[in-house]
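*Asks:* starting from these lines, generate the structure:
(chains A and B)
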Amino acid sequence: MDPRINVITKRMEHVEKIIVVSGGKGGIGKSTFSAVLALNLSQSGYRVGLMDLDFWGPSAHIMLGARKNFPKEHKGIVPPSVNGVKLMSIVYYTKDKTLALRKSGFDHAVVELFAVTQWGPLDYLIIDMPPGIGDAVLDVIRCLGKAKFCIIMTSSKVVMEIVKKTVQMLKQLKIPILGIVRNMKGEKLSFTKKEKIFDTRFLGDIHFDRNLERAIGYPQRLLRTDFAKSVGKISHHF
Amino acid sequence: MHEWALAESVVLTAEKFAKEQGFSEIKKITIKLGDLQQIDKNIFRFAIKEMFGTQRLLLKNAKIKFQSEKAFLKCRKCGNAWTFARNVKKLKASNLEAIHFVPEAAHAYMHCPRCNSADFEIVQGRGVWLDSITGK
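*Replies:* Numbering: from 1, shown residues only, chains lettered A, B, ... in the order given. Sure, this is the predicted structure:
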């Protein structure tokens, strides 16, 4: 039998809240939201960890401007603090190489990272999910116990359809959802302010921010963007 | 001591299993160690024994047996199969270390020796596997 699953709950003993940032679709801003949320909470004085589970396109290290950071070994793997955020990413081990992973390999790597990462006491652990959610990852997330999903969507019809299905699936599996964030909202779109989307709490809008790209990799600049200000308002729900 | 975290997973799983089976004592734990993860047996044994301690009565007298398992890899493109041991000399120390921490990192550093594809599966010998627990 695989012994690793049984230790994951123990690894989360001193983690107060786990926020899983998902959306079921690529390119909608999950990673940017995750990184900025982590920075924002850290700046507010919370102890924050960020786990980048997008093994095919890891980007949290780029967002946070990680340079020569590398985990230490102490009864497992201790993630380095990158600009105040404890960051765990597959990129420490794959460097700039492409990871030709199939689903079974992905599942194994996720379980391994959760089993060996020693986060220490955290107020928040943010998990940046890859597009799509597989069974094994859902199993791990359920085993984390206190994990709650934050769903990112845009106003695109395609994205909305996929998000609707993601929400339905999470509800069927009785996995808690904190709410839905609408990202990249254009000025001309005139959605009425909603309390709920897909029968799920609406947490807020983030307008398209032209200055965001230039701030990536520079945490202090990132925190000054309009994007970060919107994330800050949304973070009060967490 | 990355082995410590995996040792802890073995101890917790053995205890959980023993409780489910109604064992009052665990006699032997057999652990398969796939050579892809390059676990140091001595460190691993030491970590497990340290965790047995006095508080873990179920495991106090348990024997630990290791079984080495060769890692077999199989190319999904051409079907060629090969062992990790055969390719290990071609890998840099830093790459081996990465594979030690996360065996799936092998997909970043290894290719099929016949067709050079990175699309291969780890058929066996990935890492730590709890093979059997005997008790009474």
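
*Asks:* and the longest helix belonging to chain A, how far from the chain's centre?
*Replies:* The longest helix of chain A (DSSP state H) is helix A:157-172. Here the centre of mass of C-alpha atoms in helix A:157-172, compared against the chain's by C-alpha atoms, centre = their mean, to the nearest Å, lies 17 Å away.

*Asks:* what's that helix packed up against?
*Replies:* strand A:147-153, strand A:177-185 (3 or more C-beta pairs under 8 Å, 6 or more residues apart in numbering or on different chains; DSSP states H and E). From N, CA and C alone the C-beta is placed, and that goes for glycine too.

*Asks:* the last one vs strand A:147-153, what angle?
*Replies:* When you say that, I think you mean strand A:177-185. Calculated by axes from the mean of the first three to the mean of the last three C-alpha atoms, to 10 degrees, strand A:177-185 forms an angle of 20 degrees with strand A:147-153.

*Asks:* how many degrees apart are strand A:177-185 and helix A:157-172 in direction?
*Replies:* Using the same axes, to 10 degrees: strand A:177-185 against helix A:157-172 is 170 degrees.

*Asks:* and strand A:177-185, what's its mean pLDDT?
*Replies:* Taken as a whole, strand A:177-185 has an average pLDDT of 89.

*Asks:* and the residue of chain B that's closest to chain A?
*Replies:* Of all residues in chain B, B:Ala5 sits closest to chain A, at 3.3 Å by C-beta to the nearest C-beta.

*Asks:* residues from chain B in reach of chain A?
*Replies:* B:1-2, B:4-6, B:8-10, B:12-14, B:16-17, B:76, B:98-99, B:101-105, B:107-109, B:118-119, B:121-122, B:126-130 (C-beta under 8 Å from any C-beta of the partner chain).

*Asks:* in helices, which of those residues fall?
*Replies:* Mapping the residues of chain B next to chain A onto helices (DSSP H) picks out B:4-6, B:8-10, B:12-14, B:16-17, B:98-99, B:101, B:107-109.

*Asks:* pull out the buried residues from stretch B:20-32.
*Replies:* Under the neighbour-count criterion of 16 or more other C-beta atoms under 10 Å in any protein chain shown, stretch B:20-32 has B:Phe23, B:Ile26, B:Ile29, B:Ile31, B:Lys32 buried.

*Asks:* check stretch A:90-104 too.
*Replies:* Using 16+ other C-beta under 10 Å as the test for burial, stretch A:90-104 gives A:Ile90, A:Val91, A:Tyr92, A:Tyr93, A:Thr94, A:Leu99, A:Ala100, A:Leu101.

*Asks:* and the furthest pair within these?
*Replies:* A:Tyr92 and A:Ala100 (18.1 Å; C-beta to C-beta).

*Asks:* now the ones in helices among the residues of chain B next to chain A: which count as buried?
*Replies:* With burial judged by 16+ other C-beta under 10 Å, the buried subset of these is B:4-6, B:8-10, B:12-14, B:17, B:98-99, B:101, B:107-109.

*Asks:* closest to B:Met51 out of the residues you listed?
*Replies:* B:Glu8 (6.3 Å).

*Asks:* excluding sequence neighbours, find me the nearest residue to the closest one.
*Replies:* A:Val7 (5.4 Å; C-beta to C-beta, 6 or more residues apart in numbering or on different chains).
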